[in-house]
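In: need coordinates for the following:
(4 chains)
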Protein chains: 2
Amino acid sequence: MATPVMALVETADPARSQSEEAYLRIRERIVSLDMRPGSVVNEGRLREELKIGRTPIREALQRLARENLVRSIPHRGTFVTDVNITDLARITEVRVVLEAHAARLAAERLSGADRKCFTDLLQVLEHGPSVDQRELMRLDQQIHRQIYIAARNPFLESTLERYFNLSLRLWYLVLDRDVSLREALEEHMELLRAILAGDQDRAEQSMRRHVTGFEREIRKVLVER
Amino acid sequence: MATPVMALVETADPARSQSEEAYLRIRERIVSLDMRPGSVVNEGRLREELKIGRTPIREALQRLARENLVRSIPHRGTFVTDVNITDLARITEVRVVLEAHAARLAAERLSGADRKCFTDLLQVLEHGPSVDQRELMRLDQQIHRQIYIAARNPFLESTLERYFNLSLRLWYLVLDRDVSLREALEEHMELLRAILAGDQDRAEQSMRRHVTGFEREIRKVLVER
DNA sequence: CCGACCAATATGCGAGCGATATACCGCGGG
DNA sequence: CCCGCGGTATATCGCTCGCATATTGGTCGG
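Out: Numbers count the residues shown, from 1 in each chain, chains lettered A, B, ... in the order given. All right, here's what the predicted structure looks like:
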């Protein structure tokens, strides 16, 4: 099945610098587990694979290190950050409060354009979207990002973007397991309805449930490994 | 006048890289308003003043740009980020929820070593510390940082550290104005007592009041300019 | 007066050099 | 014979330096 939504992410902005290019491509690889957690990051290899010089790669890795996606040890090497239950808990701890607050703000500050986006997304959800997990992941991503935008707070947006990528990698980890997504869908619809209704408390609570529910699902799969 | 506490910041860790060194020193300059908001950042000048090469400076500026302390426009120049009421509101919006949650976690996870730090800080507060604003700023900084540590969440800690620096610059802006610090002191004591008592709800609420109160004070001075 | 070209400036990127920490290997002691 | 230790080899990294490039502001010509 074709995934038209995919294009949104794959389309590259040609005007971005090589540093940015390197950062985005390496991040994509790490988040999608194309580069395994714990594995070494070979700078020379990346250089030839991405056809990019050393400086941009280095800058990208520094940026990824600050975002906790890689860990650099001087004169020893750079490694993809390992995943563990503790980090999952710590990340979720922050995400719960931030995402919930973003949802509240989105409900409070909803503008016309945002309203249209959310109604569109809600329609997709109500028409029973594909059961393909990757498609659902994209959808979830769109919903969250739209909420960040609707919250009208650039600081919050960039911080949440960072945490979302960390969480996204965890989701990729459990992709082929049977995680219950039925209730996640319900949560999403409830969340969107609350935002569209301008009900701040309900939006906040819905998001809180959604993120904690997400953590519970990931945790279940993570502990049995 | 002598500020003995100042030495805490000036003492440099010799083992840190030049990038780190440049980052910290430039950040200090920006936060303390030694480099004025809106002014251009001259790379060559920094290079000779800090006696540091071009690459470390560049890396430091990139990092500062991601933290919203400078803004880089390709082939045009780098500028110290301007301050305005909108940003103050946006930053506070995030800080309120994060700091409050950190206070809650600190109250929940308080360990022996942390307890000692907090009691020491509380004692300083109760003995009526200096009325020197810079001294009080240092104290406030210590309290917040200690809470970040006590929250036992490295992700939360680094995120809050970033937002704290943004706020700190705003504080510097109003340094020589007559901001009421009496109630800030009361807030601090109440906050520390709540944490030491392990009262999560009270700690969270105290911190919430403290941060919103901080914003109100800054705002008052900021609007009358 | 307006438009286009040109010099100046600042950045993006690439390659290399010296430094440093690790790993391996051979040697000596137990 | 095994274990520990020291020296050398190697790989990676941080940093310096130089070239290519893009944007700006001013100036010259129409």
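In: name the SS class of the residue lying farthest from the centre of chain A, please.
Out: What lies farthest from the middle of chain A is residue A:75; by Cα atoms, centre = their mean that is 31.1 Å. Classification of residue A:75 using DSSP: H, G, I helix; E, B strand; the rest coil returns coil.
In: pLDDT score assigned to residue A:77?
Out: The model reports residue A:77 with a pLDDT of 91.
In: what's the answer for residue A:17, then?
Out: At residue A:17, pLDDT is 87.
In: same question for residue A:178.
Out: Looking at residue A:178, its pLDDT reads 66.
In: how about stretch A:16-36 against DNA strand D, any contact?
Out: No: applying Cβ under 7 Å from any atom of the strand, one finds stretch A:16-36 out of contact with DNA strand D, separated by at least 10.2 Å. Every residue, glycine included, has its C-beta placed from N, CA and C.
In: next: stretch A:63-74.
Out: Yes: on the criterion Cβ under 7 Å from any atom of the strand, stretch A:63-74 is in touch with DNA strand D at A:72, A:74.
In: what about the residue of chain A found nearest DNA strand C, how many neighbours?
Out: Residue of chain A nearest DNA strand C, by Cβ to the nearest atom of the strand: residue A:53 (1.8 Å). Residues near residue A:53, counting by other Cβ atoms under 10 Å in any protein chain shown, number 12.
In: over to the one 3 residues further on?
Out: Burial of residue A:56 is recorded as 19 neighbouring residues (other Cβ under 10 Å).
In: which of the helices or strands spans it?
Out: Element membership for residue A:56 (DSSP states H and E) is helix A:54-66.
In: what residues does that helix touch?
Out: A:17-19, A:21-23, A:26-27, A:30, A:41, A:43, A:46-47, A:50, A:70-72, A:78, B:59, B:62-63, B:66 (Cβ atoms under 8 Å, 6 or more residues apart in numbering or on different chains).
In: next: stretch A:78-92.
Out: For stretch A:78-92, contacts defined as Cβ under 8 Å, 6+ apart pick out A:30, A:35-41, A:43, A:61, A:65, A:68-73, A:163, A:166-167, A:169-170, A:173, A:211-212, A:214-215, A:218-219, A:222-223, B:153-156.
In: end to end, how far does it reach?
Out: Its start and end residues considered, stretch A:78-92 measures 25 Å (Cα to Cα, to the nearest Å).
In: give me the buried positions along that stretch.
Out: Judged by neighbour count using 16 or more other Cβ atoms under 10 Å in any protein chain shown, the buried positions of stretch A:78-92 are A:78-81, A:83, A:87-88, A:90-92.
In: among these, show me the least confident.
Out: Within the set of the buried residues of stretch A:78-92, pLDDT is lowest for residue A:83 (91).
In: how far away is it from residue B:152?
Out: 19 Å (Cβ to Cβ, to the nearest Å).
In: now do residue A:54
Out: Per Cβ to Cβ, residue A:54 is found 37 Å from residue B:152.
In: please say which of these two ends up with more neighbours.
Out: residue B:152 (18 against 11).
In: got the contact list for the residue nearest to the more buried one when sequence neighbours are not counted?
Out: Here the nearest residue to residue B:152 in space, its sequence neighbours aside, is residue B:109; by Cβ to Cβ, 6 or more residues apart in numbering or on different chains that works out to 5.0 Å. Residues near residue B:109 by Cβ under 8 Å, 6+ apart: B:150-152.
In: that'll do, ta.
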